[in-house]
Structures are given as structure tokens and as C-alpha cells.
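Engineer: Give me coordinates for this.
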Amino acid sequence: MCGALVQLLLCFQVLFYSCCAELVKQKDVPAILFSHKLSPGMLKYQENYESAMSLPSKSFDIIAEELLRKCNSDAIIFVNQPGLCKLDFEEFEDEFKFLRKYIKVSSTSLKFEKVSGLHQNTFQNLIDITSKECNIDRFMTLRGNNTDDFEPYIDTNKRIIVINYPPLPENDYDLRRKHIMDYDLYLRTILAQIPSPYQTVIYTSLERSLVPKEDVMNNIEVFPGLFEDLAEEEKNDRLKDEPPAPLNKFRTLYPGMSTKYISIFDSGFLEQNGQLLKAIFTSLVGYIIYQTILYVREPKKSRPNDKHPKRKSPEKPVTKTEKKAESCEAEKKRD
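Structural biologist: Here you go, the predicted structure:
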């Protein structure tokens, strides 16, 4: 039953955009400003604004300039979404998934449902002021439907990034829904690649277009749940106002050498290591006895002292005369 009602509601919305909705010229555009870090003094502009009020472009410029002059971000992102209207934030709230997430975690966030008089040079004027006040000399312009335009970087230099989306479809509900979803994912892809979370974003439309008559006639708020109970507090400060945890009592890792000398005749040493000393002494005596027995049982020839035996004296050579005398004596004995 619930599924059928959802399908019926979607069909009604499609018909409303395609044939039943009367398109009129847009008089003013919505604008959202948010910063990851706290920008003190900005909340008063939200408290003094009513969603039915139309904020002149000069007032918007003053508010945007004050936010940008804080210079508390490493990346300033200007987002131009032509054709954006208040009704989009109501009809396609789920499709703005990542935009809502970034607004929710921001310490400073402002929204203005009706800003009149914005023009093509609005961003350029703010960029000139920001680059001068915050000493930013690196710029990047992206087409909102091409992720290849963005060149990832890892340095800490501040940058100004401008995202220009193509105009949203006017008469096709499903196609408009898909474009908003794709552009929201693109925004998340770019912001996620910036190496610093300290970012300031201005999200609006610099071009007025045809919108459903309901957007002009009805008082529609932009993400009302995100802008309730706002307070000037730093949401992303890791250093909390809490007392420091008690430190452990200091002690040295290595206490140093003992001043007491260890002696084998110390009574305490003998008591603690008596069995070990006995074992060492017994092993030493046994080893000496064993080596003595082996030495006694070895033959004299293999003893170390008999390595160089006495040499025999060489025989004197026999002369020829002696040989003749010996041969004569041998013949006489034969006769």
C-alpha cells in the first residue's frame, strides 16, 4: 500500500513539472553559505532574516564579504548552479545528500531563501576581495559536469575554486532530479580531494530562469532541519575545554647502578645463590678429574712431550779401500 502511494506521488510530481506546472520567471534565487571553522559574528545575519524576506544583492555582498574576510579557510569554493530554486531543496532534499552533510558539520552556516539582483560578476567581485584580503594567488575554475578539470594537489597553499554547473532542466522532473543528484556527487568529489577540511562554500545561482509558479508564490524554507537552534560554537575543535588528565608520577626508566658491591663471601649472596655455586664448583671439579684420567691413559707416543723423538746418528760412508779389504777377507774365508 505504501509503495503504491509513493509511486502515485512521484507520478503526480512528474505531471506537475511536465504539463500542469506553470513556469514563471524567477525573481530571486536561494543562497547557502557555510564554513568548516567558526566565523564569529555571522549568526546575527541568520537571526535577523525571515524566509519570506527578499535580501538585496548589496546586503548579500556585505554578508559574504564579512564571512570571506575571516580568512579562516584553506579553500574558498564558489558554486554557481543556474536554475536553482527554493522548491528544489524541498522536492529533492534526499538528492542533496552530500550538501546537507557538509552543512551539518560546519561551524558556521547561513541560508537565504530569496536573494535578488545577483549577476554574473557577483562571484568575481568576491574573489577579488578574498584574494587581496587573504593573500590567495591560486585559482581554479571547474565545469560542474567534468571531473577531469580538477587537478589534485597536496600543498598547503590556499586556493579559490569556482564550480560552474550546467543549467538544470526546467520541464523534466526525473531529469532534473538526476542532474541534482549527479551535481551533488560532483561537489562531494571535489571537496573530498581538497587536502584541508578548512573550507568555505558559497552555493547559489547567478542566473534567473523559469521555475514552477509554486516556488514564487509559496513560502518555502531551505533545509529547515539544518538551520534550527543555531549557535556560535566551534564544532570541529579537537581541543575541548576540559581539565587535563592527571599525569602519572614521574619515575626514571633506569634507576642506575647500585652503590653496594657484590662479593662471593656475602652472606646474602650465598643464601640466594648457594645451589648455583655448588653446581658450578661440582662441574668444575668433575671436569678437571675427567681430563686428568684421559691424560694418564693416553700412550706415550701420542703425548705432547714426545712429538720430537731423538734422531739416529747418520752412518759414515764406506770408502773404496774399505770395500776392497772386505772383499779380500771374504775370498780368504772361502779358500
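Engineer: Give me the next element, helix or strand, following the lengthiest strand in the chain.
Structural biologist: Using DSSP state E, we find that the single longest strand of the chain is strand 108-116. The first helix or strand that comes after strand 108-116 along the chain, using DSSP states H and E, is helix 122-133.
Engineer: Output the contacting helices and strands for that next one.
Structural biologist: When contacts are defined as 3 or more CB pairs under 8 Å, 6 or more residues apart in numbering; DSSP states H and E, helix 122-133 packs onto helix 57-68, strand 75-80, strand 159-164. The C-beta positions use only the backbone N, C-alpha and C, and glycine is treated the same way.
Engineer: hmm, back to that, I would like the residues contacting the longest strand of the chain, please.
Structural biologist: With contact meaning CB atoms under 8 Å, 6 or more residues apart in numbering, strand 108-116 is reached by 27-35, 37-39, 42-43, 45-46, 49, 51-57, 60, 63, 67, 86, 103, 204, 220-223, 226-227, 230, 232.
Engineer: ditto for stretch 175-187
Structural biologist: 17, 79, 81, 88, 91-92, 95-99, 144-145, 147, 163, 165-166, 168-170.
Engineer: now the residues you listed: which count as buried?
Structural biologist: 17, 79, 81, 88, 91-92, 95-96, 98-99, 144, 163, 165, 168-169 (16 or more other CB atoms under 10 Å).
Engineer: for the residues you listed, which one is nearest Phe123?
Structural biologist: Val79 (9.3 Å; CB to CB).
Engineer: correct me, but the closest one touches Thr204?
Structural biologist: Yes: assessed by CB atoms under 8 Å, Val79 is found in contact with Thr204 at 7.3 Å.
Engineer: care to break this protein down by domain?
Structural biologist: Domain ranges of the chain: 16-226, 266-298, per automatic domain parsing.
Engineer: among the ones you listed, which is the most enclosed?
Structural biologist: Mean neighbour count (mean count of other CB atoms under 10 Å) peaks for domain 16-226 among the domains of the chain, with a mean of 17.
Engineer: From the chain's centroid, how far away is that one?
Structural biologist: Offset of domain 16-226 from its chain centre (CA atoms, centre = their mean, to the nearest Å): 27 Å.
Engineer: Would you mind giving both backbone torsions of Tyr287?
Structural biologist: Dihedral pair for Tyr287: phi -70, psi -40, per degrees, to the nearest 10.
Engineer: Correction: the previous question concerned Asn48.
Structural biologist: The phi/psi pair for Asn48 (degrees, to the nearest 10) is phi -90, psi 0.
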